[in-house]
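Peer 1: have a look; sequence and predicted model below, questions after that.
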Amino acid sequence: MTDASVPPGPSPEPQPPKSRSGAFVAIGAGGVVVLAALVTLVLIVALGVVHSAGFSTGLARQSLLTQKDLAGLRGVEIATGSDGAVRSHSLEQYIHGNPTDDSHTVAPAKCADNLEGWMAWKALDTPAYRGWKMDTIYEASNIVVDATTNYENGLQEARHFVNTAAATAFVSAQRGWYRDCAHTSYSDPEDPGDDSSFTFAPIPLDLGLDSVVEGSTDTGQSLPPHLIDVYLRNQNIVYVTELVSTSSPRQGMDPVSLSIVKAAAKKLRSLP
């Protein structure tokens with residue numbers, strides 16, 4: 001799994017309404033009891049709103065880029081037919097389809113133990129997690145860029161988390177992975193010619209969302225020179241894309257990739 005200036009902080013979450021000092025004056029013991037009951041009720045209702053805050057499941061699929069979203073980008077389109085298909089999985093199904101046991105082929109070994117595909121975090125996504133049976137993941141490899149026709153279509157995925165706290169923890173885990181695994185190498189015991197390495201560097205962007213944007217310099221026979229990994233979060237939905245680039249992370253992001261990422265951020269920010 002390949003997944004900064006300090007990235008923008010998480011989107012503000014709803015907070016319980018603050019009572020204004022002096023707004024109420026309790027008269028006698030009965031007034032104090034009534035006021036306390038009212039405050040308790042307000043807090044209970046407000047906390048319920050906080051815990052239920054977040055987008056509905058269907059909006060995760062809607063966060064994936066479509067041809068309409070890319071209409072203004074020259075040389076970029078969404079694949080059609082079977083190549084453009086969007087697949088959906090439960091979290092349990094997704095992890096089953098993306099098993100991870102590569103500690104013997106990855107250095108440092110810890111960088112292989114933490115990830116299950118792109119959209120699951122091994123230490124967090126267990127049957128004990130509240131969203132184990134509820135989270136839904138949508139995925140497609142359907143972003144086509146004319147300049148990179150020698151490589152497979154660009155990946156995009158979106159995950160609907162059970163709540164905002166879980167989504168925030170997930171993005172924090174990804175951020176930590178890039179910090180701790182900035183240089184990672186892979187060895188293929190059966191074919192040393194497939195050995196490769198990745199050196200990641202943060203690309204500072206203000207996208208108006210909790211985000212992780214990392215560019216890599218790659219070595220290996222079957223790898224493009226650079227990849228750009230992007231994680232974007234709005235409340236309880238996390239969007240991911242990976243794009244091929246001809247520009248080194250030290251040079252920032254090439255114009256086409258930057259346009260795609262900005263389009264993704266704009267769409268995620270505009271969810272109703």
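Peer 2: Great, that's in hand. Numbers count the residues shown, from 1 in each chain.
Peer 1: pLDDT weak spots in this structure?
Peer 2: For the chain, the stretches with pLDDT under 70 are 1-53, 100-103, 113-116, 148-150.
Peer 1: show me what counts as buried in stretch 181-201.
Peer 2: Using 16 or more other Cβ atoms under 10 Å as the test for burial, stretch 181-201 gives 181, 184-186, 196-198, 200. For every residue, glycine as well, the C-beta is placed using N, CA and C.
Peer 1: number of residues surrounding Leu155?
Peer 2: Taking other Cβ atoms under 10 Å as the criterion, the count of residues near Leu155 is 16.
Peer 1: can you check the one 5 residues further on too?
Peer 2: Counted with other Cβ under 10 Å, the neighbours of His160 add up to 25.
Peer 1: and the one 4 residues further on, by the same measure?
Peer 2: Other residues near Thr164 number 23, with proximity taken as other Cβ under 10 Å.
Peer 1: please apply the same query to the one 10 residues further on.
Peer 2: By other Cβ under 10 Å, 22 other residues sit near Gln174.
Peer 1: doesn't Val212 make contact with it?
Peer 2: Yes - in terms of Cβ atoms under 8 Å, Gln174 counts as a neighbour of Val212; the distance is 5.3 Å.
Peer 1: for this protein, which segments count as helices?
Peer 2: Applying DSSP state H to the chain gives helices spanning 28-52, 58-62, 91-97, 110-113, 164-180, 255-269.
Peer 1: where do the strands of the stretch 151-272 of the chain begin and end?
Peer 2: Using DSSP state E, counting those that start in this stretch, the strands of the stretch 151-272 of the chain run over 154-160, 183-186, 196-202, 210-219, 226-234, 237-245.
Peer 1: make TSV out of the ones you listed and add distance to Ala123.
Peer 2: Conversion of the strands of the stretch 151-272 of the chain to TSV gives the following (distance: least, Cβ to Cβ, whole Å):
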stretch	distance to Ala123
strand 154-160	16
strand 183-186	18
strand 196-202	20
strand 210-219	17
strand 226-234	17
strand 237-245	16
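Peer 1: so which of these comes closest to Ile95?
Peer 2: If you check each of the strands of the stretch 151-272 of the chain against Ile95 by Cβ to Cβ, strand 154-160 wins as the nearest, at 11.8 Å.
Peer 1: can you list contacts of that closest one?
Peer 2: 55-57, 59-61, 63-65, 91, 118-119, 135-145, 148, 167, 170, 236-244, 260, 264 (Cβ atoms under 8 Å, 6 or more residues apart in numbering).
Peer 1: rerun at 7 Å
Peer 2: The contact list for strand 154-160 (Cβ atoms under 7 Å, 6 or more residues apart in numbering) reads 57, 60-61, 63-65, 118-119, 135-141, 143, 145, 236-243.
Peer 1: now Ala201: closest residue in space, sequence neighbours ignored.
Peer 2: Pro249 (4.0 Å; Cβ to Cβ, 6 or more residues apart in numbering).
Peer 1: return the residues in contact with that neighbour.
Peer 2: By Cβ under 7 Å, 6+ apart, the contact list for Pro249 reads 201, 203, 215-217, 226.
Peer 1: pull out the buried members of the residues you listed.
Peer 2: 203, 215-217, 226.
Peer 1: of all those residues, which two lie farthest apart?
Peer 2: Maximum distance among the buried ones among the contacts of Pro249 (Cβ to Cβ): 12.3 Å, for Ile203 and Thr217.
Peer 1: quick one, what contacts Ser222?
Peer 2: Listed by Cβ under 7 Å, 6+ apart, the contact set of Ser222 reads Asp194.
Peer 1: what about it, distance to Gly193?
Peer 2: 9 Å (Cβ to Cβ, to the nearest Å).
Peer 1: identify the bridge partners of the closest residue to Phe198 other than its chain neighbours.
Peer 2: Among residues not flanking Phe198 along the chain, Ser216 sits closest, at 4.6 Å (Cβ to Cβ, 6+ apart). According to DSSP bridges, the partner residues bridging Ser216 are Phe200, Leu227.
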